[in-house]
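Enquirer: show me how the following folds:
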Amino acid sequence: MQNIDRRQILKGLLTCLLPMDLAMATSNQTTIEIWKSPTCGCCHDWVNYMTKNGFTLGKVHDDGNDVARKKLGVDIQYGSCHTALIDGYAFEGHVPARDVARVLKERPNIAGLAVPGMPVGSPGMDGPEYKGRKDPYDVLAIAKNGQAKLYHRYG
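Expert: Numbers count the residues shown, from 1 in each chain. This next block holds a predicted model:
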């Protein structure tokens, strides 16, 4: 009789229970490189949310994100408080993990995704101080030529 590893069984069960895109992120341990302000609490909350959804925190740059945003092809009009680089794609602002995982799975020909501003209720902007408030917001796909189109609408 084979020795059953309970951790492998649990991991298999969790993978079946998670939405497919989040399960993909969990299994790959995808690494996040992020540019942010050293004092921004919501950036920290977004990173915690992403790590809870299977991503691994890599390099952190606490010197702001203006230069990184520009270098990664995200115009200031789509800007937010942090910019992340994950597997060659830019993720600007409070992009949900399921949308990140979908991009990494489908590999579209885009620069990345953006959630402009800091919408309340988006990942990292959903702490107790907001008392459950959830404003509608859009996730935009940013083409390599700088054009944006709707990728996913929340709310």
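
Enquirer: mind listing the residues bridging to E33?
Expert: Beta-bridge partners recorded for E33 (DSSP bridges): L85.

Enquirer: for it, give me its contacts.
Expert: G58, K59, V60, H61, A84, L85, I86 (C-beta atoms under 8 Å, 6 or more residues apart in numbering). For every residue, glycine as well, the C-beta is placed using N, CA and C.

Enquirer: what is the nearest of those to W46?
Expert: Closest approach between the contacts of E33 and W46, by C-beta to C-beta: A84, at 8.4 Å.

Enquirer: show me the contacts for that closest one.
Expert: Going by C-beta under 8 Å, 6+ apart, the list of residues near A84 reads I32, E33, I34, W35, A90, F91, E92, V95.

Enquirer: and if you look at A111?
Expert: Taking C-beta under 8 Å, 6+ apart as the test, what A111 contacts is L72, G73, V74, Y89, A90, I142, A143, K144, G146.

Enquirer: let's see which of the residues you listed end up in helices.
Expert: Counting by DSSP state H, those place none of their members in helices.

Enquirer: ok, back up a step: show me which of the contacts of A84 are buried.
Expert: I32, I34, W35, A90, F91, E92, V95 (16 or more other C-beta atoms under 10 Å).

Enquirer: now, the most widely separated pair of these?
Expert: Spatially, the most separated pair among these is W35 and V95, at 14.2 Å (C-beta to C-beta).

Enquirer: low-confidence regions, this structure specifically.
Expert: 1-29 (pLDDT under 70).

Enquirer: and the closest residue to G73 other than its chain neighbours, how far from C81?
Expert: In space, not counting the residues next to it along the chain, G73 is nearest to A111; the distance is 3.9 Å by C-beta to C-beta, 6 or more residues apart in numbering. According to C-beta to C-beta, to the nearest Å, A111 and C81 sit 19 Å apart.

Enquirer: just P123 next, same as before
Expert: 13 Å.

Enquirer: in terms of neighbours, single out the busier of the two.
Expert: Neighbours were counted for P123 and for C81 using other C-beta atoms under 10 Å; P123 has more, 24 against 21.

Enquirer: what about G79, neighbour count?
Expert: G79: 18 neighbours (other C-beta under 10 Å).

Enquirer: residues in contact with it?
Expert: Contact analysis of G79 by C-beta under 8 Å, 6+ apart lists N65, R69, E92, G93, A114, P116.

Enquirer: the third one and Q77 touch, don't they?
Expert: No - taking contact to mean C-beta atoms under 8 Å, the distance of 10.6 Å between E92 and Q77 leaves them out of contact.

Enquirer: I am finished for the moment; much appreciated.
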